[in-house]
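Asks: got a sequence here, can you model it:
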Amino acid sequence: APAELGVAAEAADLEAVLNQKLRHFDLEISGGVRYGKLEYSNPSATLFGIGKVAFEGIGPTLGVAARRDLGVQGLSLFGNLRGSMLVGDVRNGSLLPFMPATTFEEEVMLIGENQLGVAWKHDLGQHLQLELRTAWETQYWFSNTVSDDVYGIGSNLALTGPSIAVELKY
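Replies: Coordinates of the predicted model:
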């Protein structure tokens with residue numbers, strides 16, 4: 001039977017932000033706390049069995065972002081970097097038959113992110129602003145706990161690709 005492997009990643013941040021102008025750049029420095037969850041699952045009854053491996057934790061996050069207007073009305077170039085260090089538990093729900101179900105406590109998950117793209121802003125009225133953004137972004141989740149096992153299961157995850165955002169500010 002064909003095997004399935006599900007991957008789910010969640011993150012939520014609570015941050016304080018400092019905005020600063022430096023010559024032609026708008027800078028943003030942020031810091032706070034992040035909750036994150038990364039899960040691999042195999043929902044099918046196959047040779048690999050039914051099970052999942054999940055990390056869930058909380059920890060500090062720091063970020064820096066820069067934006068520069070391109071001279072065309074409302075068009076700008078932007079980029080950002082963010083790093084997080086989460087402490088939490090890795091739960092192995094026996095993804096493979098020969099791996100026992102167990103929990104590894106107080107494990108560390110590092111998350112690195114970057115983004116580079118273009119944005120366009122347009123004022124729609126007295127207190128209303130529309131912003132359209134497109135970017136290439138990368139996110140990397142890294143943990144030593146089960147990343148280098150002999151069976152190649154791993155807990156490391158790299159995501160990369162284009163993103164599109166529409167933001168309406170009031």
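Asks: quick one: pLDDT of the residue nearest the centre of the chain?
Replies: Residue closest to the mean C-alpha point of the chain, counted by Cα atoms, centre = their mean, is residue 139 at 5.1 Å. pLDDT recorded at residue 139 is 94.
Asks: and for the one 10 residues further on?
Replies: At residue 149, the pLDDT value in this model is 54.
Asks: hmm, back to that, so the residue nearest to the centre of the chain touches residue 163, yeah?
Replies: No: with contact defined as Cβ atoms under 8 Å, residue 139 does not reach residue 163; the gap is 10.3 Å. (Each C-beta comes from the backbone N, C-alpha and C, glycine too.)
Asks: how close does the residue nearest to the centre of the chain sit to residue 38?
Replies: From residue 139 across to residue 38, the span is 11 Å (Cβ to Cβ, to the nearest Å).
Asks: so what strands line up beside the longest strand along the chain?
Replies: Longest strand of the chain, by residue count under DSSP state E: strand 102-123. Sheet pairing for strand 102-123, assigned by DSSP bridges, gives strand 75-92 (antiparallel), strand 129-142 (antiparallel).
Asks: where does pLDDT dip in the chain?
Replies: Residue ranges of the chain with pLDDT under 70: 1-3, 43-50, 94-100, 146-155.
Asks: CA atoms only: put the longest strand of the chain into CSV for me.
Replies: In CSV, the C-alpha atoms belonging to strand 102-123 read as follows (Å, rounded to 0.1, in the frame of the first residue of the first chain):
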residue,chain,number,x,y,z
THR,A,102,8.4,7.8,24.3
THR,A,103,8.7,11.5,25.3
PHE,A,104,11.9,13.5,25.3
GLU,A,105,11.5,16.4,27.7
GLU,A,106,13.1,19.8,27.7
GLU,A,107,14.4,19.5,24.1
VAL,A,108,15.5,22.5,22.1
MET,A,109,14.1,23.4,18.6
LEU,A,110,15.8,26.2,16.7
ILE,A,111,13.9,28.1,14.0
GLY,A,112,15.4,30.4,11.4
GLU,A,113,13.5,32.4,8.9
ASN,A,114,14.2,34.9,6.2
GLN,A,115,12.2,36.8,3.6
LEU,A,116,13.0,39.0,0.6
GLY,A,117,10.4,40.7,-1.6
VAL,A,118,8.6,43.7,-2.9
ALA,A,119,5.6,45.6,-1.6
TRP,A,120,3.2,48.2,-2.8
LYS,A,121,1.2,50.5,-0.6
HIS,A,122,-1.8,52.6,-1.5
ASP,A,123,-3.9,55.0,0.7
